[in-house]
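Peer 1: Sharing a model prediction with you, sequence too.
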Amino acid sequence: MAAKRRSSADVRAELLVAASHLFATRGWAGTSTKEIADRAGTYETSLYTHFGSKSGIFTAAVVEPFHEFIESFRATLATDHDAPEDALARAFVRDLYGTLEKHREAATAFVLATQEPEAREALSAARTALESVFDDLNTSGRARAEHLGIPGPGRPLTQRLMVGTVVAASVFAPWLFSDALDASKSDIQEAMVEMFLYGITDAGRARPESPKR
């Protein structure tokens, strides 16, 4: 029986999964486009058709999870215009942490590449793509603020630090949260929400009840 022919979208998705895995486990220099194509069960020419170059597929692999998060969080902002800030903070953490958990290898690949001089060009392209993600996040927050007549979403630097905190908590979870800590995924997310909303001190904090699930 002949194997089912894959759609172009399926091949692209499988190339991204293969690239994320190889870049995360072997690094930039230790990964070739042929190995990525072989792991995805397709031809190297297919990789070049979809992404143009090794740098192109690296950028797509490490940035795509952030685009996925932006679309999810944007939908939350669009449907919950009047949601309180704590609810939006929880949605921000939940959406980003969940997306990165699903694509942990992509985030790991980016972190590893920062230690490789050979990956400088690819990292530059990825950073440029990430700039548009941060711009989208800031624009979405400001649109909501204008709609409600409230202060904006804060300085871009603060937003990036929030993203960085969630990325670190996801990528380095095996090292940060040992079994001895006995912290569930929801505990970790709620701790980040509280830190974003109230800072790192308990002084004078009126801690809201965690949402019931």
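Peer 2: Yep, it's here. Residues are numbered from 1 along each chain as shown.
Peer 1: Packing partners of the longest helix anywhere in the chain?
Peer 2: Across the chain, the longest stretch assigned as helix under DSSP state H is helix 120-148. If contacts are counted by 3 or more Cβ pairs under 8 Å, 6 or more residues apart in numbering; DSSP states H and E, helix 120-148 sits against helix 54-79, helix 104-113, helix 156-171. Glycine gets a C-beta too; all of them are placed from N, C-alpha and C.
Peer 1: and those helices, which is most packed in?
Peer 2: Sort the helices and strands packed on helix 120-148 by mean neighbour count, taking mean count of other Cβ atoms under 10 Å, and helix 104-113 sits at the top with a mean of 21.
Peer 1: which secondary element of this structure has the worst mean pLDDT?
Peer 2: helix 120-148 (a mean of 79; mean pLDDT, DSSP states H and E).
Peer 1: How far off centre is it?
Peer 2: Put simply, helix 120-148 sits 12 Å off its chain's centre (Cα atoms, centre = their mean, to the nearest Å).
Peer 1: what residue is smack in the middle of the chain?
Peer 2: For the chain, the residue nearest the mean C-alpha position is Phe66 (3.9 Å; Cα atoms, centre = their mean).
Peer 1: what residues are up against the closest residue to that residue other than its chain neighbours?
Peer 2: The shortest distance from Phe66 to any residue other than its chain neighbours is 4.5 Å, reached at Val133 (Cβ to Cβ, 6 or more residues apart in numbering). Val133 makes contact with Val63, Phe66, His67, Ile70, according to Cβ atoms under 8 Å, 6 or more residues apart in numbering.
Peer 1: Kindly present the residues you listed as JSON lines, with separate columns for distance to Thr76 and pLDDT.
Peer 2: JSON lines is the format used below for the contacts of Val133 (distance: Cβ to Cβ, whole Å; pLDDT from 0 to 100):
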{"residue": "Val63", "distance to Thr76": "20", "pLDDT": "83"}
{"residue": "Phe66", "distance to Thr76": "15", "pLDDT": "82"}
{"residue": "His67", "distance to Thr76": "15", "pLDDT": "81"}
{"residue": "Ile70", "distance to Thr76": "11", "pLDDT": "80"}
